[in-house]
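Novice: Okay, sequence plus prediction incoming.
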Amino acid sequence: MPISNPRAFDGVLRRRLAAWMIDAALVLMLSWVVWGGTALLAVFTVGLAGGLLLLPWALIVPILYGTLSIASPLSATPGQAVMGLAVRSDADATAPSLGQAFTSTTLYALSWAAGGLPLLAPLFSGRHRTLHDLFSGTLVVRSALLAPPQRSRGLAAEDG
């Protein structure tokens, strides 16, 4: 069932911006750790693993960070979770699939590669959706206004 409560989108733009700052700091620190670990591995293998230094870590780390975070049970990056946001599938308001998370995160990275211009779309969207939200079939909402997950009958019977 799609999200129909308009309050689920109140303040999403400000929260997304703050979440982006948190996530950018985390990705930067994580990138330093990955690059430093790769450099150490190259040193310890006497250069045999030096080719790993040529991988585009500046692109790989953020895409993995976003994809694995959004596809996790949190359905949000750490920054989004701190800011009270969650990513949902637009079709049925469920947690996004791994494919949706990967598509969203990859298109987000490409939006930055395009100079950030596609990231202005939420200013013109009623539900504050970016282009990567639209093309991946996701939307970002305030998590406090989401319905609590339904428990299966089997689990409820066992608690009783």
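Specialist: That came in fine, so what should we check first?
Novice: any weak-confidence spans in this structure?
Specialist: 1-2, 4-6, 147-160 (pLDDT under 70).
Novice: That one: strands as residue ranges?
Specialist: With DSSP state E as the criterion, the chain has strands at 85-89, 138-142.
Novice: Tell me which of these sits most buried.
Specialist: strand 138-142 (a mean of 24; mean count of other CB atoms under 10 Å). Where you see a C-beta, it was placed from the backbone N, CA and C, and this is true even at glycine.
Novice: tell me what it is packed against?
Specialist: Contacts defined by 3 or more CB pairs under 8 Å, 6 or more residues apart in numbering; DSSP states H and E place strand 138-142 against helix 12-44, strand 85-89, helix 98-113.
Novice: Next, the angle from the first one to strand 138-142.
Specialist: Helix 12-44 runs at 110 degrees relative to strand 138-142, counting by axes from the mean of the first three to the mean of the last three CA atoms, to 10 degrees.
Novice: how far is helix 12-44 from where the chain is centred?
Specialist: Relative to the centre of its chain, helix 12-44 is centred 13 Å away, using CA atoms, centre = their mean, to the nearest Å.
Novice: Just the buried residues of it, please?
Specialist: 12, 15-16, 18-20, 22-23, 26-27, 31, 34-35, 38, 42 (16 or more other CB atoms under 10 Å).
Novice: No further queries at this time; thank you.
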